[in-house]
Structures are given as structure tokens and as C-alpha cells.
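Visitor: Fold the following.
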Amino acid sequence: MVNGSERPIVGRYWSSVLILSPPQPQICSRSAFLVTICPADEVNEISLMGRLFESLTKQINDSLKLSDVKAEFSERFKSLESRILVDNERLVELDKLKKEMNEIRNQLWQRKSLIPTQTSGSMDRLLPGYLRMNTDGIKIVKMDDMQPFEKYTLTQSTIEYLKKPTFDIWHWEPNEVSLIF
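Guide: Numbering: from 1, shown residues only. The predicted model follows:
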């Protein structure tokens, strides 16, 4: 299949394509292959070692880059963890403040609407004046517990106005009006 010309010839050997060149011997299924081992040239050995070192340096550089990426990732992860911890502490503080504000709001509402508060064991609470709030409702407290009010006597002119059917509240003094109420 090989002719003496210098250009290669393409031949088929079973299912594969073989390219034959003139200096190559003819290959057939019966021909034996001869393998000869010859010592490598120093140039080939040096280039082989150079390629080996190049591949080693490439792998080392890649691993160093990978370790740099790992270090950067761990640093960013730690900073995110610290931010999350700070935010969690803020949320806890905000929750505490919300609870305190709700308690204060409830206390103010109870004072305003005269709702009994639960204290240690009893539901009684003294209110201003002569009223006491109880679980049953508002009850009058004995006057012995209260401090005595100042005595005030009406003026003679006020007594006379009260006796008349056409008295006007504007004729009264301010203390007299508050006493009657």
C-alpha cells in the first residue's frame, strides 16, 4: 500500500483509518511490531522535567488561589455572623422595649378606666376620693380610712340665693360651687 512517493497515503485497516508515509514499513495483520527502547536525550529529559515543574507550579498556584478564596470566604462569613449577632441583640432589645411600652400602656389604661390591677394577692386598689375598686365593682370605703376634708360654711348670701326659686349659679363663689358638687 505504500508507494515510493513522498506524499502520505491514506489506507483502511479494518474499521480504522491509517495514514502511511513512505519511510514507514508496510503494516498488515500478520506483521509483528518491534518495540525498541532507546535512552532519552538529555534535552528531552530536561524539557520533561521543565513540563513537570510547570505543572507543579500551576497546581501550587491554583491551590494557593483556592486557599486565598477560602480565607476570604471565611472572613466574610465571620463578618456576616457578627452582623447577625448584633442585629439579634437589637431585636431582643426592641422586643424588651415593646413589652415595657405595652405594660406602661396597660397601666395607663387601667388608671384611666378604673380597671382593677392584680397586685400581690389582692385585687383591691385605693382610688382618689372615697371610692375603692374591687373585683365586684366600685364600693364605698368607710370614711374612717379617709382624711377629713376642710370644713366650709356657705355665706349668708348663698343660703338666701338657694332658698329663692330663681337662683343663678353665676352668683356663687367658686369654692361654694365645688362644695355642692
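Visitor: what mean pLDDT does the helix ranked longest in the chain have?
Guide: Counting residues, the longest helix in the chain under DSSP state H turns out to be helix 42-113. Averaged across helix 42-113, the pLDDT comes to 88.
Visitor: Could you list the alpha-carbon positions for stretch 87-105 in PDB?
Guide: Extracted in PDB, the C-alpha atoms of stretch 87-105 (Å, rounded to 0.1, in the frame of the first residue of the first chain):
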ATOM      1  CA  ASP A  87     -28.900  42.500  64.800                       C
ATOM      2  CA  ASN A  88     -30.300  39.700  67.000                       C
ATOM      3  CA  GLU A  89     -29.200  41.700  70.100                       C
ATOM      4  CA  ARG A  90     -31.000  44.800  68.700                       C
ATOM      5  CA  LEU A  91     -34.100  42.700  68.100                       C
ATOM      6  CA  VAL A  92     -34.100  41.400  71.600                       C
ATOM      7  CA  GLU A  93     -33.700  44.900  73.000                       C
ATOM      8  CA  LEU A  94     -36.600  46.100  70.700                       C
ATOM      9  CA  ASP A  95     -38.800  43.200  72.000                       C
ATOM     10  CA  LYS A  96     -38.000  44.200  75.600                       C
ATOM     11  CA  LEU A  97     -38.900  47.800  74.900                       C
ATOM     12  CA  LYS A  98     -42.100  46.800  73.200                       C
ATOM     13  CA  LYS A  99     -43.100  44.700  76.200                       C
ATOM     14  CA  GLU A 100     -42.300  47.600  78.600                       C
ATOM     15  CA  MET A 101     -44.300  50.000  76.400                       C
ATOM     16  CA  ASN A 102     -47.200  47.600  76.400                       C
ATOM     17  CA  GLU A 103     -47.100  47.300  80.200                       C
ATOM     18  CA  ILE A 104     -46.900  51.100  80.600                       C
ATOM     19  CA  ARG A 105     -49.800  51.500  78.100                       C
END
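Visitor: Now tell me what touches that stretch from outside.
Guide: Taking contacts as CB atoms under 8 Å, 6 or more residues apart in numbering, no residue outside stretch 87-105 touches it. Glycine gets a C-beta too; all of them are placed from N, C-alpha and C.
Visitor: Adjust the sequence numbering to begin at 48 for everything that follows.
Guide: All right, first residue 48 from here; so that's stretch 134-152.
Visitor: ok so Thr200 is a helix residue?
Guide: No. The assignment for Thr200 is coil, going by DSSP: H, G, I helix; E, B strand; the rest coil, so no helix is present there.
Visitor: how much space between it and Glu207?
Guide: Distance check for Thr200 against Glu207: by CB to CB, to the nearest Å, it reads 14 Å.
Visitor: now swap in Gln154 and tell me
Guide: 49 Å.
Visitor: how does this structure divide into domains?
Guide: The record assigns the chain these domain ranges, following automatic domain parsing: 48-84, 87-159, 167-194, 197-228.
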